[in-house]
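Model the structure of this input:
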Amino acid sequence: MRKRVQWAALAVSAGTAAALLTGCGWTGDPGAGGDGRIVMGMTDTVSSLDPASGYDPGSWLVFNNVFQSLLSFPAGGSEPQAEAAESCQFTDPANQRYMCVLREELTFSNGRPLTSKDVKHSFDRSIRIDDENGPAAVMLSTIDRIETPDERTVVFHLNQPDATFPLKIASGAGSIVDHREYPADALRTDGRAVGSGVYTLDSADGDRLTFSVNDRYRGPARAKNDGMTLRLFEGDQQGLKEALESGRVDIAYRGLAAEDIAGLDRSATLGQGTLKVVDGTSAEVLHMVFNLDDPVAGNEGVRRAVAHLLDRSSVVRDVHQRTTEPLYSVIPAGITGHNTAFFDRYSDYPQPDKARRALLDEGITEPVDLTLWVTPVRFGPGVEPAFENIAGQLNASGLFNATVESLDTDAYLDGIAAGEFGVYVRGWVPDYPDPENFTAPFFGPDNVLNNNYDAGPITERLIPRTAGQSDRARTVADFQKIQDIVAEELPLIPLWQGRQYAVAAEDINGLQWSLDASTVFRFWEISRTGG
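Residues are numbered from 1 along each chain as shown. You can find the predicted model right below:
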């Protein structure tokens, strides 16, 4: 969330804006037309309205509310439930054939029927288009072919065992589109979205998206409001805070500064103000990545010295205001198989003697010049002060001359692709709550880290072995081995694990049902007292 996408602003035409519908009469946001919708703001962007392209938190928030997938994650749950499908199951012991039967009488919001032809079209076009900013390469690579024996039956034939396939198609990557509306070999570019989900997208006009309840929706969700407006502040944390405090937005999600969340939480605890802070679990993680072809970062002694000097707790306390948690493995807490490999090997307090020994073992006797590269636009304004804190930790040892360099997103991604950076930041918002999603995308060919790490047994033996195991509890030993290998070889260092926060007006309810490890923000669970 997450992902390899470049966070470009949503490009839509003002001419695509549709007329807004009226709701329960609330007029707190004149800019939204005073139409009764609950207004939510966030600093993320929405890179695309087409599921074949968007692969970022903002786009998937739209997809999860406007489109249906065959399966979906229930609130607070990590096992997919039936959504557009009536039932889904593997039909072979090898977990390579997966069949779904659709609900009866499904329709898109435009009134056209949704059949197995649309399901096949949706997956086929994502794979065929293979957009560089889309989910196909990471999420749909195990699909070999799709059959549709009748209008309600879809059979996926996989090119290898994939026990996580149900979780993948329950995500935004499984969004079902109307084959008459979405070209088979090109992205949709008119700024519209037509799905069969709980909401319709009425308009996407610059920094404002408006949604109404889809009365044609058939599935397990029940909308508790009359519609939503999404305001995009595109990195402007102060603007989001001011809009929240002035009542121009009802909810702030993804984007408030850590100190603002902490301050608002203290005020709410003391009974001051008119806002409340709702927090929930998250599997969002952030890593320090090493380019193993770099002459400095590629040196194992340098990487070990950095690992021995890191004090994650001071960053969490002093920079993040305890809105994150220290992370000691590539698989975060709360996900099957999580261990604390980095804590066990390197501890969580600076050990300059061990760091010095690691450098001396490589013949390094002078302070190491090291540049830490970040991009606040991609990973939030808090990432730069956090890495300044880390640079200070390294320099306090006398073993490093570390500095932090910040770039805009495009220059940052170009630099990584060109191999120009030795150490850089990489965040990840999971697509689905399974340990595979924190390991498979990071290692092997075409991985999202682009750090020239030869993962050896991780990709050749361990990950393939877990892929065929439907009982995920039986994969724990292999995933723990993967975590131990990463802690030993240090292609990256896990830094912290996020928590999800939303700040809202006192009369807003239901946010707790959208802040869980599935990362699905469910518009339909939100309500207003008296609305």
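
L232 reaches V39, doesn't it?
No. Under the criterion of C-beta atoms under 8 Å, L232 is not in contact with V39, lying 11.8 Å apart. All C-beta spots, glycine's among them, are computed from the backbone N, C-alpha and C.

And those two? Which one has more around it.
V39 (25 against 22; other C-beta atoms under 10 Å).

That one in helix, strand or coil?
Here V39 is recorded as strand under DSSP: H, G, I helix; E, B strand; the rest coil.

Give the bridge partners for it, please.
Under the criterion DSSP bridges, V39 forms beta bridges with T229.

pLDDT wise, what is it at?
We have a pLDDT of 97 for V39.

That one and A477, how far apart?
Taking C-beta to C-beta, to the nearest Å as the measure, V39 falls 48 Å from A477.

for G422, same thing?
33 Å.

Tell me which of these two has more neighbours.
G422 (23 against 12).

Could you verify my assumption that that one touches D369?
No. Using C-beta under 8 Å, G422 is not in contact with D369; the gap is 9.9 Å.

list the residues that contact both of these two?
Both G422 and D369 are contacted by V296, under the criterion C-beta atoms under 8 Å, 6 or more residues apart in numbering.

On the three-state scheme, E147 is what?
Assignment for E147 (three-state DSSP): strand.

my bad, should have said R266
When classified by three-state DSSP, R266 comes out as helix.

Tally up the residues packed near it, please.
When neighbours are counted by other C-beta under 10 Å, R266 registers 12.

Which residues belonging to stretch 91-105 are considered buried?
Using 16 or more other C-beta atoms under 10 Å as the test for burial, stretch 91-105 gives 95-103.

out of those residues, which are inside helices?
Among the buried residues of stretch 91-105, no member is found in helices (DSSP state H).

separation between the closest residue in space to D131 that isn't next to it in sequence and A173?
Computed as C-beta to C-beta, 6 or more residues apart in numbering, the closest residue to D131 that is not its neighbour in sequence is S53, at 4.5 Å. From S53 across to A173, the span is 11 Å (C-beta to C-beta).

These two: which is more packed in?
Neighbour count, other C-beta under 10 Å: between S53 and A173, A173 has more, with 25 against 22.

Under the pLDDT cut-off, which ranges of the stretch 101-250 of the chain? List them.
By pLDDT under 70, the stretch 101-250 of the chain has no low-scoring segment.

Which residue ranges of it form helices?
Ranges of helices in the stretch 101-250 of the chain, per DSSP state H, counting those that start in this stretch, are 116-129, 136-139, 165-169, 237-245.

Highest mean neighbour count out of these?
Of all the helices of the stretch 101-250 of the chain, helix 165-169 has the most neighbours on average by mean count of other C-beta atoms under 10 Å, namely a mean of 25.

helices and strands around that helix, which ones?
If contacts are counted by 3 or more C-beta pairs under 8 Å, 6 or more residues apart in numbering; DSSP states H and E, helix 165-169 sits against no helix or strand.

ok, and what's touching it?
With C-beta under 8 Å, 6+ apart as the test, helix 165-169 has contacts from 69-71, 80, 88, 95, 98, 139-140, 142, 156, 158, 162, 174, 431-434, 437.

again with stretch 472-487
In contact with stretch 472-487 (C-beta under 8 Å, 6+ apart) are residues 163, 329-331, 336-339, 341-342, 344-346, 434-435, 439, 457-458, 462-463, 465-466, 469, 492.

As PDB, could you dump the C-alpha coordinates of it?
What follows is stretch 472-487, C-alpha atoms only, in PDB (Å, rounded to 0.1, in the frame of the first residue of the first chain):
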ATOM      1  CA  ARG A 472      -1.300 -21.600   6.700                       C
ATOM      2  CA  ALA A 473      -0.400 -22.600  10.200                       C
ATOM      3  CA  ARG A 474       1.800 -25.300   8.700                       C
ATOM      4  CA  THR A 475       3.900 -22.700   6.900                       C
ATOM      5  CA  VAL A 476       5.200 -21.100  10.100                       C
ATOM      6  CA  ALA A 477       8.500 -22.900  10.100                       C
ATOM      7  CA  ASP A 478       9.300 -22.000   6.500                       C
ATOM      8  CA  PHE A 479       8.400 -18.300   7.000                       C
ATOM      9  CA  GLN A 480      10.400 -18.100  10.200                       C
ATOM     10  CA  LYS A 481      13.400 -19.500   8.300                       C
ATOM     11  CA  ILE A 482      12.900 -16.800   5.700                       C
ATOM     12  CA  GLN A 483      13.000 -14.200   8.400                       C
ATOM     13  CA  ASP A 484      16.100 -15.600  10.000                       C
ATOM     14  CA  ILE A 485      17.900 -15.600   6.600                       C
ATOM     15  CA  VAL A 486      17.000 -12.000   6.000                       C
ATOM     16  CA  ALA A 487      18.300 -11.000   9.400                       C
END
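
Report the buried residues of it.
Buried-residue list, stretch 472-487, by 16+ other C-beta under 10 Å: 472, 475, 478-487.

of all these, which comes closest to V315?
Nearest to V315 among the buried residues of stretch 472-487: A487, at 18.9 Å, using C-beta to C-beta.

mind checking how far the closest one is from E325?
According to C-beta to C-beta, A487 stands 18 Å off from E325.

what's the answer for T439, then?
T439 sits 20 Å away from E325, going by C-beta to C-beta.

try P352
On the measure of C-beta to C-beta, P352 and E325 end up 25 Å apart.

out of the two, which sits in the busier spot?
The neighbour comparison of P352 against E325 (other C-beta under 10 Å) goes to E325, with 17 against 14.

is it true that that one touches P494?
No. Counting by C-beta under 8 Å, P494 is not a contact partner of E325; they are 11.0 Å apart.

List just the nearest of the buried residues of stretch 472-487 to S116.
For those, the nearest to S116 is R472 (28.4 Å; C-beta to C-beta).

could you say which helix or strand contains N389?
Here N389, judged by DSSP states H and E, is contained in helix 383-396.

Likewise for R317?
With DSSP H and E as criterion, R317 is part of helix 312-318.

Can you tell me which helices and strands that helix packs against?
Packing partners of helix 312-318 (3+ C-beta pairs under 8 Å, 6+ apart): strand 324-326, helix 383-396, strand 492-498.

which of the residues in that helix are buried?
312, 314-316.

Stretch 388-395 now?
388-391, 393-395.

Mind putting the residues you listed into TSV with pLDDT and distance to I364?
Formatted as TSV, those follow (pLDDT from 0 to 100; distance: C-beta to C-beta, whole Å):
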residue	pLDDT	distance to I364
E388	97	24
N389	97	24
I390	98	19
A391	98	18
Q393	97	18
L394	98	14
N395	98	16
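
Sounds good, over and out.
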